[in-house]
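J.: Here you go, sequence then predicted model.
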Amino acid sequence: MQIPKGKKIYFASDNHLGAPTKEASKPREKKFVAWLDTIKQDAAAIFLVGDLFDFWFEYNTVIPKGFTRTLGKLAEISDAGIPIYFFVGNHDLWMNGYFQDELNIPVYHQPKEFTFNNKTFYIGHGDGLGPEDKGYKRMKKVFTNPVFKWLFKWLHPDIGIKIAQYLSVKNKLISGDDDATFLGEDNEWLVQYSKEQLKEKHRDYFVFGHRHLPLEIALNNNSKYINLGDWIQYYTYGEFDGENLQLKTY
């Protein structure tokens, strides 16, 4: 994609809407919607890089109650012809067609490469990538197992969603944000993962969420790791102007 002059590409992740309660997260949701309303003026594309919701599960005819402001704004932006790309995170990995069918937003379950103005981007949420994190990797295999998802669907939504919301808030292993302090390059798993990917193919930017920390780390002279932070404490986002990708605060 060539970005038209004056247009930009935006990236955001880790809103965790609905946590710790819907009432408590509503001011954060309103702030996020206000940001979307601002960037739609010059957005060439918008990337939502996971954990938009603290919990999301799509039954055949039911989705979690709430998030009307966010979903409405995304529909408005999508209907205006601005492409939006959604990467599932560890909290909203149970996407099953709603975003594609209702909002015309493609959903990705694995990292994906994009090219903008001859700059290559490797984009994903980041959960379960890199060395270690073995407990979560085992848990993710359970969560994504078709049999487990089929069994979960047999729970009444009022019961299933309440159980999942409780676990999402209480279980730090599921949340993946119990260690949201910078661990140093050698101990940041996504940095190590990005460096391994660079051995196979050059990318200008590796863009991830999941860590809840705004980070910009040079991997070499021509490649950079970006972690987008979150919309809980930092309210940070990525902005690519056609030449450079920078982290900014709203």
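T.: Alright, I've got the coordinates. Predicted, not measured: the structure shown is a model, and the values here were computed from it.

J.: helices and strands of this protein: which one has the lowest mean pLDDT?
T.: Lowest by mean pLDDT, DSSP states H and E among the helices and strands of the chain is helix 172-175, with a mean of 43.

J.: For whichever helix or strand comes after it, C-alpha coordinates in PDB please.
T.: Using DSSP states H and E, the helix or strand that follows helix 172-175 in sequence is helix 189-200. Extracted in PDB, the C-alpha atoms of helix 189-200 (Å, rounded to 0.1, in the frame of the first residue of the first chain):
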ATOM      1  CA  TRP A 189      10.600 -12.300  24.900                       C
ATOM      2  CA  LEU A 190       9.100 -10.300  22.000                       C
ATOM      3  CA  VAL A 191      12.400  -8.500  21.500                       C
ATOM      4  CA  GLN A 192      14.100 -11.900  21.300                       C
ATOM      5  CA  TYR A 193      11.400 -13.200  19.000                       C
ATOM      6  CA  SER A 194      11.800 -10.200  16.700                       C
ATOM      7  CA  LYS A 195      15.600 -10.700  16.500                       C
ATOM      8  CA  GLU A 196      15.100 -14.400  15.500                       C
ATOM      9  CA  GLN A 197      12.600 -13.300  12.800                       C
ATOM     10  CA  LEU A 198      15.200 -10.900  11.500                       C
ATOM     11  CA  LYS A 199      17.600 -13.700  10.900                       C
ATOM     12  CA  GLU A 200      15.200 -15.100   8.300                       C
END
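
J.: after helix 189-200, next one along is what?
T.: strand 205-208.

J.: just checking, what packs against that following strand?
T.: strand 119-123, helix 189-200, strand 223-228 (3 or more Cβ pairs under 8 Å, 6 or more residues apart in numbering; DSSP states H and E). Where C-beta positions appear, they are placed from N, C-alpha and C, glycine not excepted.

J.: what about the residue nearest the centre of the chain, helix or strand, and which?
T.: Closest residue to the average C-alpha location of the chain: G50 at 1.7 Å, with Cα atoms, centre = their mean. Using DSSP H and E, G50 sits within no helix or strand.

J.: pLDDT value on it, please?
T.: Looking at G50, its pLDDT reads 93.

J.: quick one: it from H202, how far?
T.: 24 Å (Cβ to Cβ, to the nearest Å).

J.: Equivalent analysis for F11, please.
T.: 20 Å.

J.: Comparing these two, which residue is more hemmed in?
T.: Neighbours per residue, other Cβ atoms under 10 Å: of F11 and H202, the larger number sits with F11, 26 against 11.

J.: residues contacting the more buried one?
T.: I46, F47, V49, I123, V207, I226, L228, Y237, G238, E239, F240, L245 (Cβ atoms under 8 Å, 6 or more residues apart in numbering).

J.: Now render these as JSON lines, adding distance to N104.
T.: Output for the contacts of F11, formatted as JSON lines (distance: Cβ to Cβ, whole Å):
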{"residue": "I46", "distance to N104": "13"}
{"residue": "F47", "distance to N104": "15"}
{"residue": "V49", "distance to N104": "18"}
{"residue": "I123", "distance to N104": "19"}
{"residue": "V207", "distance to N104": "22"}
{"residue": "I226", "distance to N104": "26"}
{"residue": "L228", "distance to N104": "23"}
{"residue": "Y237", "distance to N104": "22"}
{"residue": "G238", "distance to N104": "22"}
{"residue": "E239", "distance to N104": "23"}
{"residue": "F240", "distance to N104": "22"}
{"residue": "L245", "distance to N104": "25"}
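
J.: Quick check: the two most widely separated of those residues?
T.: I46 and I226 (15.6 Å; Cβ to Cβ).

J.: which residue sits closest to L215, ignoring its sequence neighbours?
T.: The spatially closest residue to L215, leaving aside those adjacent along the chain, is N227, at 4.0 Å (Cβ to Cβ, 6 or more residues apart in numbering).
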